[in-house]
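>>> Output the structure for:
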Amino acid sequence: MVEARITVNGKVTPISPAAPHTTVLDFLRDRGFTGSKEGCAEGECGACSIMVARPGVEAKTDWVAVNACLVPVASLDGQEIVTAEGLATLDGSGTPTELHPVQQEMAVRGGSQCGYCTPGFICSMASEYYRPGRCGGAAAAETNGAATNGAEHAHEGDHEHGPNGFDLHSLSGNLCRCTGYRPIRDAAFALGAPEADDPFAQRRDQDAPAPVATEYSQDGRTFRRPETLAEAVQLLRERPDAVLVAGSTDWGVEVNIRSRRADYAIAIDRLPELRGLTIASDHIEIGAAVPLTEIERRLDGSVPLLAQLFPQFASRLIRNNATFGGNLGTGSPIGDSPPALLALGASVVLASADGEREVELADYFTGYRQSVRRADELIRAVRIPLPLAEVTAFHKIAKRRFDDISSVAVAFALDIEDGVVTRARIGLGGVAATPIRARDTEAALIGRPWNTETVEAAAAILQGEGTPMNDHRASSEYRAAMLGQSLKKLYAQTTEAVLS
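The predicted model follows:
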């Protein structure tokens, strides 16, 4: 295998002598790219964000913003990244001669005070700036020369989208403590379309870097990126103690906050067998390593329950890396995707050197952060049966509307025919040692009329599902109360839909 290396702002840079656990953030700062900052080391502040060139959904390449503090630099072997320093136009000596349009708008609209968070905002904003189709017919300006019109007429959009197509959710993972968000929003809404000769826009028409087989070792620790699933499961058979790395949105926190180190890590995020998304006549299969943002864009609302889940799952920066496989693999009882997938009746496909087996998600979790997955197995895909339920909803109860850990998560999937509930699946998170199905409540609904009497009785049962605990996020009594209220809210929503 060739020397591990990464392209940073157009220049190929060896990864050595960085340790296998070294994050992209530390790697960059050690080499003088100090625009990216460490704020939280947990992927919650966005001060560290950078752009990565990845295979696109609507173009050959998408510029994707990610948290550099969570991603191991070894996982970007052969890949191409851009930092805030690399966006400006440089002369032959590397001195900036012209600001990037995003940098220019942030400067002229007062989008920075102390400047600590600014490079991260700029990278996240630039990623959205280059999103294909962003400037559709609603764009307020076709070029950055006319971009001033965007801020002046921002009221023509809604409070989360500008008239230039800019989605403020792209900045949901970036925090600013001193500037305030209005001038940052104004800068975002002022951006027009990239110029025709913009090199980053032109880069979208070229293929993204292909995955590189990697075997990188330093100080007795090894990072491996196999080429195929067969190679990956064989490595896992030989090294059942290995840490599987996909989006690293969970493992990266372990590395930073708890100083966890892996003697042997296996990267599975770019395995072709884990990157598919297919819709068959009787099911949808989603590869375990497809980032949530990509799933969201490829499904394009065709699974309404997931469409409700995605905006409430952490932030866009996290969703750009996080995967269903990782969220299920950690076994956390407060992960956001398990309740939704339980309500959808999903199953997981587990792969090992012996072959594959399919397990109902309702039977997958066995205890706190434990599952039926063996040490030599990995999650290859998630399967969602078709047809989908007609009435679905995802309710997340948390202290913040976005980018927060849920106190309680409830997902509903009901079929109602002629006013009678014919099928019901309810997934719960945050109320037991594992994500669970609300079996007693489901039984109380099936075969009964969808009316106030049924809902009141079922809500009382739902309050008793699970074994909610007291912690700093919520009391057990509050969690139980929210379960009952969630069903009542669903009934109110469906009633309003009928009346309207």
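>>> just for the protein, where's the confidence low?
Applying pLDDT under 70 to the chain flags the ranges 1, 94, 136-158, 497-500.
>>> Excluding residues flanking it in the chain, which one is nearest the spatially most central residue of the chain?
In the chain, the C-alpha nearest the mean C-alpha coordinate belongs to R319, at 1.2 Å (Cα atoms, centre = their mean). Spatially, and ignoring its direct neighbours in sequence, R319 is nearest to L292 (4.1 Å; Cβ to Cβ, 6 or more residues apart in numbering). (Glycine included, C-beta is placed from N, CA and C.)
>>> and the gap between the one you found and L306?
9 Å (Cβ to Cβ, to the nearest Å).
>>> was I right about R261 contacting V255?
Yes - R261 is within contact range of V255, at 7.2 Å (criterion: Cβ atoms under 8 Å).
>>> In terms of packing, which of these two has more residues around it?
V255 (20 against 14; other Cβ atoms under 10 Å).
>>> Can you name the helix or strand that the more buried one falls in?
helix 251-257 (DSSP states H and E).
>>> Report the buried residues of that helix.
Across helix 251-257, burial judged by 16 or more other Cβ atoms under 10 Å covers W251, G252, V253, E254, V255, N256.
>>> is it true that G46 touches I318?
No - using Cβ under 8 Å, G46 is not in contact with I318; the gap is 9.8 Å.
>>> any residues in contact with both of those two?
Common neighbours of G46 and I318 (criterion: Cβ atoms under 8 Å, 6 or more residues apart in numbering): N67, G173.
>>> who has more neighbours, the two?
Set G46 next to I318 and count neighbours by other Cβ under 10 Å: G46 wins out with 29 against 25.
>>> Can you check which residues contact both of R261 and V255?
Joint contacts of R261 and V255 (Cβ under 8 Å, 6+ apart) are H21.
>>> Show me what secondary structure element comes after the helix holding V255.
Where DSSP H and E defines the elements, the next helix or strand beyond helix 251-257 is strand 264-267.
>>> Pull the residues that contact that following strand.
Identification of contacts with strand 264-267 by Cβ under 8 Å, 6+ apart yields 20-21, 72, 74-75, 214, 221-226, 232, 235-236, 239, 241-246.
>>> Quick check on those residues: which are buried?
For these, burial is judged from neighbour counts taken by 16+ other Cβ under 10 Å, and it is met by 20-21, 72, 74-75, 214, 221-226, 232, 235-236, 239, 242-246.
>>> quick one: which of those sit in strands?
Counting by DSSP state E, the part of the buried ones among the contacts of strand 264-267 found in strands is T214, R221, T222, F223, R224, R225, V243, L244, V245.
>>> before we move on, the earlier item: quick one: the residue nearest to R319 from A307, how far?
L292 is 12 Å from A307, by Cβ to Cβ.
>>> When the two are compared, which one has more neighbours?
L292 (27 against 15).
>>> Distance check, that one against S315.
According to Cβ to Cβ, L292 stands 11 Å off from S315.
>>> can you check S347 too?
Per Cβ to Cβ, S347 is found 28 Å from S315.
>>> Compare the two (neighbour count), which wins?
Ranked by neighbour count (other Cβ under 10 Å), S347 and S315 place S315 first, with 25 against 22.
>>> The more buried one reaches L175, doesn't it?
No - using Cβ under 8 Å, S315 is not in contact with L175, being 9.6 Å away.
>>> Just the terminal-to-terminal distance for stretch 2-17.
End-to-end distance of stretch 2-17 (Cα to Cα, to the nearest Å): 15 Å.
>>> Now that stretch: buried residues?
Neighbour-count burial for stretch 2-17 flags A4, R5, I6, T7, V8, N9, I15 (criterion: 16+ other Cβ under 10 Å).
>>> what's the farthest-apart pair in those?
Maximum pairwise distance among these (Cβ to Cβ): 18.0 Å, between A4 and N9.
>>> hmm, back to that, and which of the ones in strands among the buried ones among the contacts of strand 264-267 is nearest W450?
Once Cβ to Cβ is applied, the member of those that ends up nearest W450 is L244, at 42.6 Å.
>>> Quick check: that closest one vs R425, distance?
As judged by Cβ to Cβ, L244 and R425 stand 29 Å apart.
>>> Can you show me the helices along the stretch 401-500 of the chain?
Ranges of helices within the stretch 401-500 of the chain are 439-445, 452-462, 476-499, based on DSSP state H, counting those that start in this stretch.
>>> my bad, should have said the stretch 251-400 of the chain
Using DSSP H, counting those that start in this stretch, helices in the stretch 251-400 of the chain cover 251-257, 292-299, 304-309, 316-319, 324-329, 337-343.
>>> Check what contacts the shortest one and list those residues.
Helix 316-319 has contacts (Cβ under 8 Å, 6+ apart) with 43, 46, 49, 65-67, 124, 169-174, 247, 249, 291-293, 296, 310, 313.
>>> among these, which ones are buried?
43, 46, 49, 65-67, 124, 169-174, 247, 249, 291-293, 296, 310, 313.
>>> Which of those fall in strands?
Taking DSSP E, the ones among those that sit in strands are S49, A65, V66, N67.
>>> Tabulate those (a markdown table), appending distance to A362.
Shown next, in a markdown table, are these (distance: Cβ to Cβ, whole Å):
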| residue | distance to A362 |
| --- | --- |
| S49 | 37 |
| A65 | 35 |
| V66 | 32 |
| N67 | 32 |
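>>> Could you work out the most separated pair of the residues you listed?
Counting by Cβ to Cβ, the most remote pair of these is A65 and N67, 8.4 Å apart.
>>> got any residues that touch both of those two?
Listed contacts common to A65 and N67 are S49, L317; contacts here mean Cβ under 8 Å, 6+ apart.
>>> ok, the residue lying closest to A458 once chain neighbours are set aside - contacts?
Excluding its sequence neighbours, the residue lying closest to A458 (Cβ to Cβ, 6+ apart) is A444, at 4.4 Å. By Cβ under 8 Å, 6+ apart, the contact list for A444 reads T454, A457, A458, I461.
>>> Please pick the buried ones from the residues you listed.
For the contacts of A444, a burial check counting by 16+ other Cβ under 10 Å picks out T454, A458, I461.
>>> how near is the second one to L277?
Distance of A458 to L277, computed by Cβ to Cβ: 34 Å.
>>> Assign S217 to helix, strand or coil.
strand (DSSP: H, G, I helix; E, B strand; the rest coil).
>>> Can you get me a residue count around it?
Other residues lying near S217 total 15 when counted by other Cβ under 10 Å.
>>> wait, what's in contact with the nearest residue to it once chain neighbours are set aside?
Among residues not flanking S217 along the chain, P20 sits closest, at 7.1 Å (Cβ to Cβ, 6+ apart). Neighbouring residues of P20 by Cβ under 8 Å, 6+ apart: P72, A74, Y216, S217, Q218, R221, T222, F223, A262, A265.
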